[in-house]
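Colleague: Take a look and give me a structure for this.
(2 chains)
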There are 2 protein chains.
Amino acid sequence: MTTGELAAPTPRYDYVRDGAAIYAESFATIRAETDLSHLPADAEKVAVRMVHATGQTDLAAALVVHPALVKSARAALRAGAPVLTDATMVASGVTRARLPRANDVRCLLGDPRVPDLARAWGTTRSAAAVSLWADSLAGSVVAIGNAPTALFHLLELLADGAPPPAAIIGVPVGFIGAAESKEALASFSAEHGIDVPFLTVHGRRGGSALAAAAVNALAREQE
Amino acid sequence: MTTGELAAPTPRYDYVRDGAAIYAESFATIRAETDLSHLPADAEKVAVRMVHATGQTDLAAALVVHPALVKSARAALRAGAPVLTDATMVASGVTRARLPRANDVRCLLGDPRVPDLARAWGTTRSAAAVSLWADSLAGSVVAIGNAPTALFHLLELLADGAPPPAAIIGVPVGFIGAAESKEALASFSAEHGIDVPFLTVHGRRGGSALAAAAVNALAREQE
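Modeller: Next up, the predicted model:
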């Protein structure tokens, strides 16, 4: 098939067809409908992009953003830090063209060592894969969008003295452990005396689209 | 690094670490908290998995499922039909091991013909890529999780006489056109006299995780 054989379908619906206009109108709608006053000023674009990914303006009220999150994550990415994630969907959702240094986006869930480690440790493969970040963890940008066990495991590694990432985007989703893992992230500094800049969402909401949206907003200032 | 050098972190949080138990408890929680009585009986597991992907029980009330959707999509997948999607994140979220016939999961957004077609037709790349499904569309399972323009474009192709897929999972997300494109899908049969089994979500919610969850539930009956 060549493109010459293809024709556009007969227009039958009235909708915005220009990609840039869709983005601009979407972000304007979100800004008109959403209260972001509780967030750090430099997190505004991150919050807007996360609301965009969910289609829900009330997500904003559930967002918690550490005051140093945006500055720390941006500096790390500009310095070439990798993005470490628990899910291939998050990795797939990171827009490579937005990354300032063609940063590596790494998900180790498929690493051949993972199943044995998970069995030996009595945990999920998502959690075991976090231990394989070891050498890359210091100064990285972590984006956990799927598994509460991955976030709990990361916090346990940090409490044991693992070198902290520059930023943790911790937004696992779901009904078992998700809300609790995010509360553990939000109170980690107070409980363990290790202050790692983080971003999270209270409650059950989260997911790979939210994690990727946060990374995409942090990767480049321009919308 | 060998796995021999790695040790599990000190357990500091009380959480479920068994993957199968997490799934089972999650689905039980969803079933206890969610009213699915307005949906076709055979769509129950699809709805549960979609609620699971969002962490929101109130998603169920926004779901619309055509009475023949589950039967038609399952039969198509068992016959080896491809899954056609608008977004790489959806493709990434489809669990290959659940597919009954190692079905092809195809996203053509990166096809080299797409940018020229989008420019020539004055539409988005997501919409233009839908036209490239042409030869695969008949009897396929379509999963649109990102772009409203892709769903509108598909409906325009079908109204022009394109061979219909076996099922359309149409759950684009967002603030501009998303709700409208899904209403167009839900009323397509009434408006155009072409009855294609579909699944959608009223309003702005949707996304790649929801689309992938629906495909994963349809691909295999077992949870």
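Colleague: any residue of the helix or strand hosting residue A:210 up close to chain B?
Modeller: Using DSSP states H and E, residue A:210 sits within helix A:208-219. Yes: judged by CB under 8 Å from any CB of the partner chain, helix A:208-219 comes into contact with chain B at A:208-209, A:212. (Glycine included, C-beta is placed from N, CA and C.)
Colleague: which of those are buried?
Modeller: Using 16 or more other CB atoms under 10 Å in any protein chain shown as the burial test, those include A:208-209, A:212 as buried.
Colleague: How about the contacts made by residue A:45?
Modeller: Going by CB atoms under 8 Å, 6 or more residues apart in numbering or on different chains, residue A:45 touches A:217, A:221, A:223.
Colleague: can you do 7 Å?
Modeller: Taking CB atoms under 7 Å, 6 or more residues apart in numbering or on different chains as the criterion, residue A:45 is in contact with A:217, A:223.
Colleague: go on, residue A:95?
Modeller: Residue A:95 makes contact with residue A:216 under the criterion CB under 7 Å, 6+ apart.
Colleague: same thing but at 10 Å, please
Modeller: A:212-213, A:215-216, A:219-220 (CB atoms under 10 Å, 6 or more residues apart in numbering or on different chains).
Colleague: how about the spatially closest residue to residue A:40 that is not a sequence neighbour, secondary structure?
Modeller: Using CB to CB, 6 or more residues apart in numbering or on different chains and skipping residues adjacent in sequence, the residue nearest residue A:40 is residue A:67, 5.1 Å away. Taking DSSP: H, G, I helix; E, B strand; the rest coil as the rule, one finds residue A:67 in the coil state.
Colleague: I figured residue A:67 hits residue A:43, correct?
Modeller: Yes: counting by CB atoms under 10 Å, residue A:67 does reach residue A:43; the two are 8.8 Å apart.
Colleague: follow-up on the earlier one: could you dump the residues of helix A:208-219 next to chain B into JSON lines and include pLDDT?
Modeller: Converted to JSON lines, the residues of helix A:208-219 next to chain B look like this (pLDDT from 0 to 100):
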{"residue": "A:208", "pLDDT": "97"}
{"residue": "A:209", "pLDDT": "97"}
{"residue": "A:212", "pLDDT": "98"}
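Colleague: and of those, the nearest to chain B?
Modeller: Ranked by distance to chain B (CB to the nearest CB), the residues of helix A:208-219 next to chain B are led by residue A:209 at 5.0 Å.
Colleague: which secondary structure element contains the closest residue to that closest one other than its chain neighbours?
Modeller: Nearest residue to residue A:209, sequence neighbours excluded (CB to CB, 6+ apart): residue A:53, at 4.5 Å. Here residue A:53 sits within helix A:44-54, counting by DSSP H and E.
Colleague: Restrict that helix to CA atoms and write it as PDB.
Modeller: Provided in PDB are the C-alpha atoms of helix A:44-54 (Å, rounded to 0.1, in the frame of the first residue of the first chain):
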ATOM      1  CA  GLU A  44       2.400  23.900  38.200                       C
ATOM      2  CA  LYS A  45       3.200  22.400  34.800                       C
ATOM      3  CA  VAL A  46       3.800  19.000  36.300                       C
ATOM      4  CA  ALA A  47       0.300  19.000  37.900                       C
ATOM      5  CA  VAL A  48      -1.400  20.200  34.800                       C
ATOM      6  CA  ARG A  49       0.200  17.400  32.700                       C
ATOM      7  CA  MET A  50      -0.800  14.800  35.300                       C
ATOM      8  CA  VAL A  51      -4.400  16.100  35.300                       C
ATOM      9  CA  HIS A  52      -4.300  16.000  31.500                       C
ATOM     10  CA  ALA A  53      -3.300  12.300  31.700                       C
ATOM     11  CA  THR A  54      -6.200  11.300  33.900                       C
END
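Colleague: What average pLDDT does the top helix by length along chain A get?
Modeller: The longest helix of chain A (DSSP state H) is helix A:19-33. Averaged over helix A:19-33, pLDDT sits at 96.
Colleague: before we move on, the earlier item: nearest to chain B, out of the contacts of residue A:95: which one, please.
Modeller: Taking CB to the nearest CB as the measure, residue A:212 is the one of those closest to chain B, at 7.3 Å.
Colleague: got a list of what residue A:14 touches?
Modeller: Contacts for residue A:14 (CB under 10 Å, 6+ apart) come out as B:152, B:177, B:180.
Colleague: Give me the pLDDT value at the residue nearest to residue A:78 when sequence neighbours are not counted.
Modeller: In space, and not counting its chain neighbours, residue A:78 is closest to residue A:100: 5.0 Å by CB to CB, 6+ apart. Here, the pLDDT recorded for residue A:100 equals 98.
Colleague: Around residue A:100, how many other residues sit close by?
Modeller: Residues lying near residue A:100 (other CB atoms under 10 Å in any protein chain shown) number 14.
Colleague: surely it meets residue A:79?
Modeller: Yes: here residue A:100 reaches residue A:79: they are 8.9 Å apart, a contact under CB under 10 Å.
Colleague: And the strands in chain A?
Modeller: For chain A, the strands defined by DSSP state E occupy A:63-65, A:83-85, A:105-107, A:141-144, A:167-170, A:198-201.
Colleague: The fourth one pairs with which strands, parallel or anti?
Modeller: Looking at strand A:141-144 with DSSP bridges, its partner strands are strand A:83-85 (parallel), strand A:167-170 (parallel).
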